[in-house]
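*Asks:* Predicted model, plus sequence, below.
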Amino acid sequence: MKQSLLFTKTKKEIPKDEESINARFLIRSGFIDKLMAGVYTFLPLGFRVLKKIENIIREEIKNLGAQEILMPSLHPKQNWQETGRWDTLDSLIKFATFYTKNEYALGPTHEEIVSPLMKNYIFSYKDLPTAVFQIQNKFRDEKRAKSGLLRGREFLMKDLYSFHKNEEELKEYYEKAKSVYAKIFEKIGLGDKTFLTFASGGTFSKYSHEFQTVSSAGEDVIYVCDNPERKRSASHGAGCKIAVNKEIINEQPECPQCGNKNLREEKAIEIGNIFELKTKYSTPFNLNYKDENGLEKEVIMGCYGIGLNRIMGTVVETYHDEKGIIWPKSIAPFSIHLINLKPDADFADRVYNNLQSRGIEVLYDDRKDITAGEKFADSDLIGIPLRAVISDKTEGKIEIKNRNETETKLINIDDIEKFVNNK
RNA sequence: CGGGCUGUAGUAUACCGGCAGUAUACAUGCUUUGGGAGCAUGAGGACUGGGUUCAAUUCCCAGCAGCCCGACCA
């Protein structure tokens, strides 16, 4: 992508009325644009990041055998009345249309839709287990949207629903979902700071589980265990990686996994959660199946969510310096930021075309009449992990630098790929 | 939903009961190119409604919007 063609521009001024680091950097650098409180447009750069996150999630969720679908955002009133949540769920956005006076809701979650949907397809124990997921915008009437992408009124979410014959089968799936989730956050670059957190609400383990990323921008308070004696197999060994949510710390004052009593209080952002729904939604919608003996039984359900916008905001909160964002490679909008400082673009154009032909995602700052300082400042702000500079000083070579380092290297064009692919 | 603060140009801000100023971004021209460059010229502005007043962008009230704190958050 040639930067001269990018319609967005960076801004020097810090946006008024944006306190959070993620909103400030993402708006200044042209990743997002605010429409209203908690509602943002994803601009070309931001959209690329969102898609990267989405693809990582999609790829991993396949390991759970779930099939991707897309359910409507516009929901009929009746489905929400079946469960009573039309009246009890404060954050449900409800409205009546002007002409027909029909009443609808905008989907904040999809238990009320997916349960009657699957009733059309699940009849027998032979149809179970099965699972569906979607990546879709959700709507919630947050009383107080805040902190940029961290708490929005419209946001992209991956929601997965699993259907089982019995609780043992659900539990098995639930455990598998736990490890898939850990893998996802690892890939996105939040693994080191993300803790499997025990919260209230479960039954078979008496807990539900949240994935909480330690951050000063977080709204939640958790008590983390990073006991190095007990390393979680799925992680890279940053200790136990378990935490307890504040809401249950009094009943659960020690690490549920290793018994460590020295838990550390931290603020954290909830970026994912997993719930056992059991028959909470199969009952009102009569979602049943026939077992081997022809007996009618209720389908056992689980649900599993990940907030994509929130992940993007959390990454910016976690990885930045005073100059701008520092994207992890896996979700950066581009792999390399190529900057031309020479008066003529011949060599830089060749390098750009060469990289493109090798399938490397490159943002090429080909803008004329922009000073070196401004290009560097923009590059730091946008935060692509690798920067390549071509100037009169580089004499046919390319100066390369990681965003999070100060050391530069002069290399030949053929060696660029090594830097793109390696850490 | 309670409390507080704030609405001035695309953005960020200043002053003021009587001609609204600056920076940045934008347009044009020239100069400039290793850390947000310089000169010149140009275009662009007081959230909405009501009140007080000879006169309101300024003071008062209401609405709307935004931010912060709290409560809430499948």
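*Replies:* Nice, I can see it.

*Asks:* Now do the same for the residue of the stretch 251-400 of chain A found nearest RNA strand B: helix, strand or coil?
*Replies:* Closest approach between the stretch 251-400 of chain A and RNA strand B, counting by CB to the nearest atom of the strand: residue A:373, at 2.3 Å. Backbone N, C-alpha and C define where each C-beta goes, glycine included. On the three-state scheme (DSSP: H, G, I helix; E, B strand; the rest coil), residue A:373 is labelled helix.

*Asks:* and it, how many neighbours?
*Replies:* Look at residue A:373: counted by other CB atoms under 10 Å, it has 8 neighbours.

*Asks:* Helices of the stretch 1-150 of chain A, start to end?
*Replies:* Per DSSP state H, counting those that start in this stretch, the stretch 1-150 of chain A carries helices over the ranges A:21-28, A:44-61, A:77-82, A:85-88, A:111-119.

*Asks:* just checking, what packs against the last one?
*Replies:* Right, helix A:111-119. helix A:77-82, strand A:130-139, strand A:154-164, strand A:300-307 (3 or more CB pairs under 8 Å, 6 or more residues apart in numbering; DSSP states H and E).

*Asks:* which one of the ones you listed lies closest to RNA strand B?
*Replies:* strand A:300-307 (4.0 Å).

*Asks:* So is the closest one next to RNA strand B?
*Replies:* Yes: shown here: strand A:300-307 in contact with RNA strand B (CB under 7 Å from any atom of the strand) through A:303, A:305, A:307.

*Asks:* Kindly report the same for stretch A:193-205.
*Replies:* No: Stretch A:193-205 does not reach RNA strand B (CB under 7 Å from any atom of the strand); its nearest approach is 7.9 Å.

*Asks:* Residues in contact with that stretch: which ones?
*Replies:* A:167, A:171, A:178, A:182, A:185, A:207-215, A:222, A:224, A:232, A:241-245, A:247-248, A:252, A:256, A:268, A:270-271, A:273, A:275-276, A:278, A:318 (CB atoms under 8 Å, 6 or more residues apart in numbering).

*Asks:* Going through those, which ones are buried?
*Replies:* Buried by 16 or more other CB atoms under 10 Å: A:171, A:178, A:182, A:185, A:207-215, A:222, A:224, A:232, A:241-245, A:248, A:252, A:256, A:268, A:270-271, A:273, A:275-276, A:278, A:318, out of the contacts of stretch A:193-205.

*Asks:* Now do the residue lying closest to residue A:87 once chain neighbours are set aside against residue A:303, distance only.
*Replies:* Nearest residue to residue A:87 in three dimensions, chain neighbours excluded: residue A:81, at 8.0 Å (CB to CB, 6 or more residues apart in numbering). As for residue A:81, its distance to residue A:303 is 20 Å (criterion: CB to CB, to the nearest Å).

*Asks:* Quick check on those two: which one has the bigger neighbour count.
*Replies:* Shown here are residue A:81 and residue A:303; by other CB under 10 Å, residue A:303 has more neighbours (22 against 14).

*Asks:* correct me, but the more buried one touches residue A:111?
*Replies:* Yes: counting by CB atoms under 8 Å, residue A:303 touches residue A:111, with 6.6 Å between them.

*Asks:* any residues in contact with both of the two?
*Replies:* With CB under 8 Å, 6+ apart as the test, residue A:303 and residue A:111 both reach A:161, A:277.
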